[in-house]
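J.: need a 3D model of the sequence below.
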Amino acid sequence: MAILMETFRFSIALSQHDALQSGRFPCPAKLNLFLYINGRLNNGYHELQTLFQFLDFGDWLTVHPRTDDKICLTPEIAQVKTEDNLIYRAAKLLQQKTKCRLGADIRLDKILPMGGGLGGGSSNAATTLLVLNALWQTGLSLSELSAIGLQLGADVPVFIHGHAAFAEGVGEKMTPCEPQEKWYLVLKPSVSISTAAIFGHPDLIRNTPKKMLDQLLNEKYTNDCEKVVKNQYPDVEKALRWLLQYAPARLTGTGACVFAEFDDENSAKALLRRKPDAYFGFVAKGLNFSPLHQMLKNSSISHLQFNT
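T.: Residues are numbered from 1 along each chain as shown. Predicted coordinates:
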């Protein structure tokens, strides 16, 4: 398992292999380092303040352009129709927006747990849009790609822009930010949590006062969803209680993943070795700049061969 986890650490994989030559692109996970809910709007959406940071860990997409307009996505994911997959939907939306007649073969190496609050699906969609925009030479700006991404999910734009960010409003107002890049131990209890159910729960805190970013960055980070999630999902409460014995820990998003923070890698890895067997877990460093953006910035992908 340790070898597998290291494979999905982007800093290691990208230093050892020329991922670009094989058409492999990272889809980093994210954490909500804090999440505060400031109110509920008449349309049912919630006003919030949250801090996104990427992780040096996640899925990989292997992408090769096609000369026809087919989008071929493999492998199939259980209980998810291809047409409903955010990767497929992102590719089709980009085709429609740009009138592009090219297609792509896309393979997903899935390691991030689904329904964990790590943004895996949103990151997959963002990588699809960014990479295909380059491969197809459709020439859309980050803002235009973000507008497409917002149709797929509220978290997609932060992955499109590729910088750790403070988000406000319903998540659409983003300010680039540079929180400390700490080390994190992330655990996933064996439960699936409905984001809609948590945000619709009558006991959810919805009146946290809005604060300026500078003030929030210097306070203890918390998550307003955590109390409801712990009450509804005992396995999440148990995982958090275990982590809190050793380090500051909290929920990311609406869960089900929880994480503890450390100042160094060795301390995080030492605790990972002691984790209960019931939990999926990994250690990764927080990143303020997306590894996908770093890869695209430093390389040209125009040489990749087209499939027919």
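
J.: which residues in the stretch 101-250 of the chain form strands?
T.: 103-109, 165-168, 173-176, 183-188, 249-251 (DSSP state E, counting those that start in this stretch).

J.: mind listing what's buried along the third one?
T.: Put plainly, it is strand 173-176. residue 174 (16 or more other CB atoms under 10 Å). All C-beta atoms are positioned from the backbone trio N, CA, C, and that covers glycine.

J.: so for that strand, mean pLDDT?
T.: Taken as a whole, strand 173-176 has an average pLDDT of 94.

J.: do the fourth one as well
T.: On average, the pLDDT along strand 183-188 is 97.

J.: ranges for the helices of the chain?
T.: 2-7, 10-16, 86-98, 120-135, 142-150, 156-161, 195-199, 213-217, 226-232, 234-244, 265-272, 291-298 (DSSP state H).

J.: run through the stretch 201-308 of the chain and note the low-pLDDT ranges.
T.: 300-308 (pLDDT under 70).

J.: contacting residues for the residue nearest in space to the middle of the chain?
T.: The residue lying closest to the centre of the chain (CA atoms, centre = their mean) is residue 119, at 2.9 Å. Shown in contact with residue 119 (CB atoms under 8 Å, 6 or more residues apart in numbering): 29-30, 155, 159, 253.

J.: farthest-separated two in those?
T.: Across the contacts of residue 119, the longest distance by CB to CB is 13.8 Å; it joins 159 and 253.

J.: if you count what's nearby, which of those two comes out ahead?
T.: Between residue 159 and residue 253, residue 159 has the larger neighbour count (other CB atoms under 10 Å), namely 28 against 23.

J.: excluding residues flanking it in the chain, which one is nearest the more buried one?
T.: residue 126 (3.3 Å; CB to CB, 6 or more residues apart in numbering).

J.: scan this structure for its longest strand.
T.: Assignment by DSSP state E gives strand 46-66 as the longest strand of the chain.

J.: quick one: mean pLDDT for that strand?
T.: 96.

J.: do the same with stretch 12-32
T.: 81.

J.: ok so, going back, test my guess that the residue nearest to residue 159 contacts residue 148.
T.: No - counting by CB atoms under 8 Å, residue 126 sits too far from residue 148 to count as a contact (9.9 Å).

J.: shared neighbours, the two?
T.: residue 90.

J.: for the nearest residue to residue 146 once chain neighbours are set aside, give its distance to residue 148.
T.: Using CB to CB, 6+ apart and skipping the chain neighbours, the partner closest in space to residue 146 is residue 157 (4.0 Å). If you measure residue 157 against residue 148 using CB to CB, to the nearest Å, the figure is 10 Å.

J.: next: residue 291.
T.: 22 Å.

J.: circling back to that earlier point, I'd like the strands of the stretch 101-250 of the chain laid out as TSV, including distance to residue 237.
T.: Listed next are the strands of the stretch 101-250 of the chain as TSV, based on distance: least, CB to CB, whole Å:
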stretch	distance to residue 237
strand 103-109	32
strand 165-168	26
strand 173-176	31
strand 183-188	12
strand 249-251	10
